[in-house]
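Novice: Prediction below, plus the sequence it came from.
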Amino acid sequence: MKLSLNVPQIFRILMLLVLAASISACGGKTRVESDLGMDDAPDWVNEGTNILNNKGGRLFHGVGSSPQMGVQDLQRSTADNRARAELARILSSYMNVVSTDYMAASGTGKDIATEQSVTRDINNITKVNLSGARVIGRWKNPKTKVIYSIVELDMKQVKNIASKVNMMNEGLRNYISNNGDNIFDRMAK
């Protein structure tokens, strides 16, 4: 028996595989009380990069570090950039789940051009949001002189930016507005 699949069918199968992998990855998230075990460090240093849903809101936190260097400004900048890279990693994971959920819900598998448009929109939102992330803290280990930085991005900002992107697929914009928090909550568990 010969199996014949067209491009939209192949894409749908791949998206289902990505969705299954994303769900299994999200389901196994472990809460770590203290990853580094440094008693004198702030909690965020020990917890590391995280997705938090608390009284402060729905927050993406990226944590990075830099070893001692000859110039402290360079060391701080390196820690900040590594924290942003961590934030990019978790925001990208979040946006991949949004994209997969949206395409599954909207049935856009019939139109490869729409799927490419959604992917482009997701990538653009990720880049724009990262530019709005801010460093909210730094800590220098007094023993090792390693500097740690934490960068934060609020889910409200992600949704706000998505709502203002003029060139975005309207269905995707509405999907993020209506379902973005639920997807975030699912990933934060």
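Specialist: Everything's here; your move. Numbering: from 1, shown residues only.

Novice: Counting by contacts, list what the longest helix along the chain packs against.
Specialist: The single longest helix within the chain, with elements called by DSSP state H, is helix 72-106. Secondary-structure packing of helix 72-106 (3 or more C-beta pairs under 8 Å, 6 or more residues apart in numbering; DSSP states H and E): helix 7-27, strand 50-54, strand 57-66, helix 112-131, strand 134-140, strand 147-154, helix 170-188. Just so you know, the C-beta spots here come from the backbone N, C-alpha and C atoms, and that holds for glycine as well.

Novice: Pull out the buried positions in that helix.
Specialist: Residues 75-76, 78-80, 82-84, 86-88, 90-91, 93-103 are the ones in helix 72-106 that count as buried (16 or more other C-beta atoms under 10 Å).

Novice: Likewise for stretch 159-175?
Specialist: For stretch 159-175, by 16+ other C-beta under 10 Å, it's 159, 161, 162, 168, 169, 172, 173, 175.

Novice: ok, back up a step: and the angle for the longest helix of the chain with strand 134-140?
Specialist: 130 degrees (axes from the mean of the first three to the mean of the last three C-alpha atoms, to 10 degrees).

Novice: What mean pLDDT does helix 72-106 get?
Specialist: For helix 72-106, mean pLDDT rounds to 87.

Novice: Pick out the lowest-pLDDT one from the buried residues of stretch 159-175.
Specialist: Least confident entry in these, by pLDDT: residue 168, with 69.

Novice: close enough to count as contact, residue 79 and residue 64?
Specialist: Yes. Counting by C-beta atoms under 8 Å, residue 79 touches residue 64, with 5.2 Å between them.

Novice: residues touching the residue nearest to residue 98 when sequence neighbours are not counted, list them.
Specialist: Nearest-residue entry for residue 98: residue 183, 5.6 Å, with adjacent residues in sequence omitted and distances by C-beta to C-beta, 6 or more residues apart in numbering. When contacts are counted by C-beta atoms under 8 Å, 6 or more residues apart in numbering, residue 183 touches 94, 97, 98, 101.

Novice: how close does residue 180 get to residue 43?
Specialist: 26 Å (C-beta to C-beta, to the nearest Å).
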